[in-house]
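**Student:** Structure, please.
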Amino acid sequence: MPDPFRVSPFIGFRTLFHKEVLRFWKVGFQTIAAPVLNALLFLLIFSHILERRVTVHGDVTYTAFLVPGLVMMSLLQNAFANSSSSLIQSKITGNILFVLLPPLSYRAFYAAYVLAALLRGLFVAIGVWLVSALLIQTPLAHPAWALTFAVLGGALLATFGLIAGIWADKFDQLAAFQNFLIMPLTMLSGVFYSIHSLPPLWQKISHFNPFFFMIDGLRHGFFGQSDTSPWLSLAVTGGCLAALAALTLALLARGYKLRG
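**Tutor:** Numbering: from 1, shown residues only. Below you'll find the predicted structure:
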């Protein structure tokens with residue numbers, strides 16, 4: 001006979017996930033609509049100025065070329081922002097105790113934060129894509145590839161956001177991650193240009209940027225064209241996600257900077 005007092009191990013995960021989703025959904029104008037508007041401004045400005053001055057390989061126009069990059073850039077930045085800001089806010093206000101005290105496993109803790117951050121990133125990415133479609137028609141040659149890179153990329157940055165939130169003790173430290181790591185890696189990953197337009201040395205350097213592989217993989221999903229093999233991009237993105245996930249789970253299992 002089942003024990004009526006036994007609590008399902010998934011209740012804690014569902015509750016924390018629901019809380020994290022409500023956190024960004026209640027201020028959706030700021031967390032979803034504003035990033036979509038920012039990406040749209042990038043698209044309008046860069047396409048107007050550089051449409052006839054920049055050429056990309058194949059029969060893809062420069063404006064269309066921008067769309068996958070802006071979609072992935074928005075997804076990555078918002079997935080990172082969601083998990084990192086939520087965790088650091090809980091640490092500073094002290095309500096992280098209400099998450100740590102219940103019998104919630106560190107794996108469920110990780111999954112709830114990452115999935116909620118991924119969901120926000122996907123909402124923003126879909127919004128950018130749909131708004132962009134009003135201005136220019138962008139094909140989706142390989143939807144499965146596009147979805148795979150969107151999910152892996154969002155999960156990767158959500159995981160990195162957790163690491164930043166665990167390590168940081170104040171918002172200034174968290175801003176350093178965003179300003180000196182996430183933003184430069186994003187801008188130098190080929191969002192606004194093809195790496196084939198770079199000198200050979202900088203093309204090689206670009207291959208050490210994991211953000212490049214995520215964006216290039218998504219472009220393959222849109223156009224069936226990419227600067228490198230989609231399988232290589234998949235291996236790099238998946239490998240980085242596995243490594244960061246293992247590190248994050250190890251930190252959570254130890255309670256690093258979470259349990260006083």
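**Student:** report the longest helix in the chain, please.
**Tutor:** As assigned by DSSP state H, the longest helix anywhere in the chain is helix 62-93.
**Student:** what mean pLDDT does that one have?
**Tutor:** Average pLDDT, helix 62-93: 94.
**Student:** Please apply the same query to stretch 120-136.
**Tutor:** Rounded mean pLDDT across stretch 120-136 is 94.
**Student:** re earlier: which of the residues in the very next helix or strand once past the longest helix of the chain are classified as buried?
**Tutor:** Going down the chain from helix 62-93, the next helix or strand is helix 97-100, by DSSP states H and E. Neighbour counts over helix 97-100 (16 or more other C-beta atoms under 10 Å) mark residue 99 as buried. Yep, even glycine has a C-beta here, placed from its N, CA and C like the rest.
**Student:** What lies in contact with helix 97-100?
**Tutor:** 16, 90, 109, 255, 258, 259 (C-beta atoms under 8 Å, 6 or more residues apart in numbering).
**Student:** Who wins on neighbours among the residues you listed?
**Tutor:** residue 109 (22 neighbours; other C-beta atoms under 10 Å).
**Student:** How about the contacts made by it?
**Tutor:** Counted by C-beta under 8 Å, 6+ apart, residue 109 has contacts 16, 99, 252.
**Student:** Out of these, which one has the lowest pLDDT?
**Tutor:** residue 99 (86).
**Student:** That residue and residue 244: what is the separation?
**Tutor:** Plainly put, residue 99 is 21 Å away from residue 244 if you go by C-beta to C-beta, to the nearest Å.
**Student:** follow-up on the earlier one: and the longest helix of the chain, what does it pack against?
**Tutor:** helix 9-25, helix 34-50, helix 106-133, helix 143-167, helix 171-177, helix 183-187, helix 210-223 (3 or more C-beta pairs under 8 Å, 6 or more residues apart in numbering; DSSP states H and E).
**Student:** now, of those, which is deepest in the fold?
**Tutor:** When the helices and strands packed on helix 62-93 are scored by mean count of other C-beta atoms under 10 Å, the highest mean neighbour count falls to helix 210-223 (a mean of 26).
**Student:** Let me know the angle separating it from helix 62-93.
**Tutor:** With axes from the mean of the first three to the mean of the last three C-alpha atoms, to 10 degrees defining the directions, helix 210-223 sits at 130 degrees from helix 62-93.
**Student:** Which is the succeeding secondary structure element to helix 210-223?
**Tutor:** That would be, after helix 210-223 and using DSSP H and E, helix 230-254.
**Student:** rewinding a little: quick one: the contacts of helix 97-100 as CSV, columns for distance to residue 75 too.
**Tutor:** Below are the contacts of helix 97-100 laid out as CSV (distance: C-beta to C-beta, whole Å):
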residue, distance to residue 75
16, 22
90, 23
109, 23
255, 30
258, 27
259, 32
